[in-house]
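# Have a look; sequence and predicted model below, questions after that.
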Amino acid sequence: MIVIDNVVKEYPTHRGMKRVLDHVNLTVKPGQQIGILGRNGAGKSTMIRLISGAELPTAGTVKRTMSVSWPLAFGGAFQNGLTGYDNLRFICRVYGIDPSDKLDFVQDFSELGMYIREPVKSYSSGMRARLAFAISMVIDFDCYLIDEVIAVGDTRFHEKCMIELFEKRADRAKIIVSHDVTYVHRHCDSAAVLSGGQLSYFEDLEDAFRHYDYVSGLPSYS
Amino acid sequence: MSGLQSFMRSWAIQRRVIWALLMREVLTRYGRHNIGFMWLFVEPMLFTMGVTALWSATKSIHGSNLPIVAFAITGYSSVLLWRNMPGRCVDAVEPNRSLLFHRNVRVIDLFLARLLLEAMGATISLIVLSTFFILIGQMDPPEDVLQVLGGWLMLAWFGMALAMTLGAGSERSELIHKLWHPASYLLFPLSGAAFLLNSMPVQAQIYLEYLPMIHGLEYLREGFFGSKIHAIYDIGYMAMVNLVLTLVGLSQIRLLADTVIPE
């Protein structure tokens, strides 16, 4: 379970503290596929950082009794001067697993082949994204964090990612943060809407979408 | 989970993370080309040997009849500790912010990995160089190895505490970055690397004694040269400064960890 209890997050600005999340509550159960909808600037990334534990709340608590991934396919932590394999080894060391068992999988899945032993800075953005996704699949988590629509590589590779994530890991919880209703509709069984620092949870997707349209000032979802 | 179990688990994670960061840093900095990670101590060795050669050539006045080689190696090695550690920790968080997305990687780990690496480099450099010069007869073996170790640890502690304080401070204000370079440059000639406190005018000694690193270095040199020199030190004073800096550094890092935003 992940229990977000009365979480407040404030950031200092030139005009004093700005409250991004105002007493937010959410419970994610094992295996639940939950969407968090929000428009740009609603605080979606802040939610992701708080859930992943990368950042701490100003007030309230985030309790995790299941393991939570870093934001999926996140390649920002790559050290450009290092090879793909070195970056894989770093992640494996941090999470305490043996990289040599995982090399074949990553090399194969990312379709990097011999380039896995070249510095990441020589990769194209597609290669980088493929490596990032492959490395995300190396560590076994109970809950995967997905920040925005995953657009990795071409259609075929994208398909492969979706199978890996939503079919092979169908039993794992997923938290999908997005502004895209269609994406959430396809992959989630319930959703919460983030707006004005408030998070409203809906068991029923249609209710969530209607609320999202309402707070976005759009004509009602039908 | 009992307190001890939970502590052991955290300790295992911390070790793992610091090791991972350390290896990442070594590979990033030195790569796998030519001598690779050996640059870690070859680089400080080159510095120390260069300074030793310069001082020997100019027959630097250091206020005693000690061999210049022994003097330069003890002196410059200590500078490596208190100067390079802060140098590595100032602005260390910014380029590594994205690593914080891995929950177990915390701000303090970024600092500790770099500090450990610097300490290892400087220590190996000191050991290799002194062993070499002792073997070829340019230096006498230390009279009291334990005291040398004690002085070295005090200097390393000072370097780490200063580095954590300045490292955390540099995230708060860019002034730290701008001021540390001239400060470290100016502190070098005052730090006792090139003189014994006893050889300074009494007037100057009063002020120099405020510099914590002088005490560690004098203590270390007494361990090396023993009765041949008159060392002046107050390890209690240095320990106090170290302790205060450690507390300031740790608390600043704690505050920083609460507010840093991973990108």
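Yep, that arrived.
# switch to C-alpha atoms for all contacts and neighbour counts from now on
OK.
# got the residues of chain B near chain A?
B:13, B:16-17, B:19-21, B:23-24, B:27-28, B:96, B:98-105, B:258-263 (C-alpha under 8 Å from any C-alpha of the partner chain).
# measure A:Tyr123 to chain B for me?
17 Å (C-alpha to the nearest C-alpha, to the nearest Å).
# Next, count neighbours for that residue.
Neighbourhood size, A:Tyr123 [other C-alpha atoms under 10 Å in any protein chain shown]: 18.
# measure it to A:Glu111 for me?
12 Å (C-alpha to C-alpha, to the nearest Å).
# cool, and B:Phe7?
Look at B:Phe7 and A:Glu111: by C-alpha to C-alpha, they are 41 Å apart.
# and what of A:Ala192?
Distance, A:Ala192 to A:Glu111, by C-alpha to C-alpha: 36 Å.
# Tell me which of those two has more neighbours.
It is A:Ala192, of A:Ala192 and A:Glu111, that has more neighbours when counted by other C-alpha under 10 Å, with 25 against 16.
# Spit out the contact partners of that one.
Listed by C-alpha atoms under 8 Å, 6 or more residues apart in numbering or on different chains, the contact set of A:Ala192 reads A:34-37, A:199-202, A:208.
# A:Cys92 now?
By C-alpha under 8 Å, 6+ apart, A:Cys92 lies in contact with A:98-99, A:139.
# Among those, which are located in strands?
Of those, none are assigned to strands by DSSP state E.
# Out of the residues you listed, the closest to A:His14 would be?
Nearest to A:His14 among the contacts of A:Cys92: A:Ile139, at 40.2 Å, using C-alpha to C-alpha.
# For the most centrally placed residue in chain A, give the beta-bridge partners.
With distances taken as C-alpha atoms, centre = their mean, the residue of chain A nearest its centroid is A:Ile146 (2.3 Å). Assessed by DSSP bridges, A:Ile146 has beta-bridge partners A:Ile176.
# Look up how far chain B lies from it.
Counting by C-alpha to the nearest C-alpha, the gap from A:Ile146 to chain B is 13 Å.
# how far away is that residue from A:Ile91?
18 Å.
# just A:Leu37 next, same as before
Here A:Leu37 is placed at a distance of 29 Å from A:Ile91 (C-alpha to C-alpha).
# Check A:Gly113 too.
19 Å.
# and those two? which has more neighbours close in?
Taking other C-alpha under 10 Å, A:Gly113 and A:Ile91 do not tie; A:Ile91 has more neighbours (24 against 12).
# next one: the helix or strand hosting A:Met127 to chain centre, how far?
Taking DSSP states H and E as the definition, one finds A:Met127 inside helix A:125-136. The chain centre lies 14 Å from the centre of helix A:125-136; the measure is C-alpha atoms, centre = their mean, to the nearest Å.
# which residues are contacting that helix?
A:69-70, A:72-75, A:84, A:88, A:91, A:105-106, A:109-112, A:120, A:152-153, A:161.
# Okay, buried residues for the helix or strand hosting B:Leu54 please.
Per DSSP H and E: B:Leu54 is located in helix B:39-57. Using 16 or more other C-alpha atoms under 10 Å in any protein chain shown as the test for burial, helix B:39-57 gives B:39-42, B:44-45, B:48-49, B:51-52, B:55-56.
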